[in-house]
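K.L.:
My questions are about this predicted structure, shown below with the sequence.
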Amino acid sequence: MSKRVHPEFSFQARELEGQIEGILGDPPNQKNYNMMTQALVSEYASGSGIEDVNMMAFALVDHIRFTDPKGLMAETRDWDRGHPDKVFGMATCGEDGEPAQMYSAICENHPELARQAILTAFLHKHQGRWTDEDQSLEQLTANDEGDEHDEDEHGMVSDDFANLFDQGDEQ
C-alpha cells in the first residue's frame, strides 16, 4: 500500500539516491563510498558535521534500522512540524559503536534536522511504501488555463496588464 508523503521528503529521498549513486560512481567504487560514509559517521559521532538533511541521511542510511515503519510513514506527512522524540524512538543505529554515537549526537544536537534525516533515510530504503507526487512544471500546469483575463478577445494583452510594467519607468 503506497501513501503520499510531503513533497519535500520525496525530493530529499530522490536527492539522497542521486548522492549515493554519485559517490559510488560508474563503475561503482565501494571503497570510495565506504570511506565517505565512514568520514561522515565519524564527524556526526564527534558532535560536529554538516548541518544538512541529505548529508545526515547519507551518514545514517547504511547503519539505521527502523523499528516502527508504520509510525515513520505517518510522520512523513509533515516536513516542518513533527515529533522528533517520537521519530527517534522508531529507529536505531545499534547499542554501541560509532554509528550509535552518531545517532545519539545528531538526535541531541540537531533534533529537527535529525528527524528529517531519519525520515529521508527511511523513505530511501522503503521506496515501495510511498508515492512520489509529480511536482514537475508540466504536471503543475497541466490543468492551468492561464491568466486569460489579461488578454482581450483578440489575444492581445490588455492595457491594464501592460501598464503594470510601465509604472516603474514613469518615476
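P.N.:
Great, that's in hand.
K.L.:
Can you give me the neighbour number for the closest residue to residue 119 other than its chain neighbours?
P.N.:
In space, residue 119 comes closest to residue 76 once its chain neighbours are excluded; the distance is 5.2 Å by CB to CB, 6 or more residues apart in numbering. The way it works is simple: take the backbone N, C-alpha and C, and place the C-beta from them, glycine included. Residues near residue 76, counting by other CB atoms under 10 Å, number 24.
K.L.:
I'd assumed residue 122 was in contact with residue 76.
P.N.:
Yes. Using CB atoms under 8 Å, residue 76 makes contact with residue 122 at a distance of 7.5 Å.
K.L.:
So what's the predicted local confidence for the residue nearest to residue 119?
P.N.:
Residue 76 is assigned 92 on the pLDDT scale.
K.L.:
Need the residues that contact stretch 48-62.
P.N.:
12, 15-16, 19-20, 23, 37, 40-41, 43-44, 93, 102-103, 106, 110, 113-114, 116-118, 120-121, 124-125 (CB atoms under 8 Å, 6 or more residues apart in numbering).
K.L.:
Right, I'll leave it there.
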